[in-house]
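Visitor: compute the structure for the input listed below.
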Amino acid sequence: MLGKTYDSQVCSIARALELVGERWSLLIVRDALFAGTTRYVEFQRRLRIATNILQSRLDGFVDAGIMQRRSRSSAGPEYVLTDKGRDLAPVLIALTHWGDRWAAPDGPPIRYVHETCGAPVTMDITCASCGTVVGTDEVLAQPGPGMPAEYLERMTALRAAR
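Guide: This is a model prediction of the structure:
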């Protein structure tokens, strides 16, 4: 069973969840990305989130470099997504597609479309070399350059023991 953190996991998914996996986090990013929300009061009004939780998430995003706090007026600070935060857009689109399929019995409540032509945007897994769209059954997880040697040795030993 996982504890309160994913520190023991050697996985970029687990590391990402450390930053954006808490309740409300991705909804805050969603509103910043797709609704242009930047002010604390706007986030609170749109999401109806407890003020202490909202402040905690915004502070965490600033600390993680996902948002930048800008104090430009007497209306309070703005919370603006950084490149790191904007790079979550494909994650949100993919999660939306999953939710539309598996958690929206009446159909998609929101559609994300291409601003220029109005067609829905899609998320596909493509091969970086040949550009072919691949199914998840064609994707292998292999050790990358960030895999610690001791973890790789432990996984190799576990596979050999099977």
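Visitor: for residue 76, give me its contacts.
Guide: 39, 40, 41 (Cβ atoms under 8 Å, 6 or more residues apart in numbering). Bear in mind the C-beta positions are built from the backbone N, C-alpha and C, glycine included.
Visitor: state the three-state secondary structure for it.
Guide: coil (DSSP: H, G, I helix; E, B strand; the rest coil).
Visitor: what about it, distance to residue 56?
Guide: From residue 76 across to residue 56, the span is 17 Å (Cβ to Cβ, to the nearest Å).
Visitor: export the contacts of residue 76 to JSON lines and tack on pLDDT?
Guide: Shown next, in JSON lines, are these (pLDDT from 0 to 100):
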{"residue": "39", "pLDDT": "95"}
{"residue": "40", "pLDDT": "95"}
{"residue": "41", "pLDDT": "94"}
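Visitor: for this structure, which segments are assigned as strands?
Guide: In the chain, the segments counted as strands under DSSP state E are 67-70, 78-81.
Visitor: what's the closest of those to residue 151?
Guide: Closest to residue 151 of these, according to Cβ to Cβ: strand 67-70, at 31.3 Å.
Visitor: who touches the helix or strand bottoming out on mean pLDDT in the chain?
Guide: Least confident helix or strand, the chain: helix 149-161 with a mean of 87, by mean pLDDT, DSSP states H and E. Contact with helix 149-161 is made by 10, 143, as judged by Cβ under 8 Å, 6+ apart.
Visitor: from the middle of its chain, how far away would it be?
Guide: Centroid displacement of helix 149-161 relative to its chain, using Cα atoms, centre = their mean, to the nearest Å, is 29 Å.
Visitor: list the buried ones in that helix?
Guide: Buried positions in helix 149-161, judged by neighbour count with 16 or more other Cβ atoms under 10 Å: none.
Visitor: now that helix - C-alpha only, PDB.
Guide: Below are the C-alpha coordinates for helix 149-161, written out as PDB (Å, rounded to 0.1, in the frame of the first residue of the first chain):
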ATOM      1  CA  ALA A 149      21.000   1.100 -11.100                       C
ATOM      2  CA  GLU A 150      20.000  -0.400  -7.700                       C
ATOM      3  CA  TYR A 151      16.300  -0.300  -8.700                       C
ATOM      4  CA  LEU A 152      17.000  -1.900 -12.000                       C
ATOM      5  CA  GLU A 153      19.000  -4.700 -10.300                       C
ATOM      6  CA  ARG A 154      16.200  -5.300  -7.800                       C
ATOM      7  CA  MET A 155      13.600  -5.500 -10.600                       C
ATOM      8  CA  THR A 156      15.800  -7.900 -12.600                       C
ATOM      9  CA  ALA A 157      16.200 -10.100  -9.500                       C
ATOM     10  CA  LEU A 158      12.400 -10.100  -8.900                       C
ATOM     11  CA  ARG A 159      11.800 -11.100 -12.500                       C
ATOM     12  CA  ALA A 160      14.300 -13.900 -12.300                       C
ATOM     13  CA  ALA A 161      12.600 -15.200  -9.100                       C
END
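Visitor: all set, thanks.
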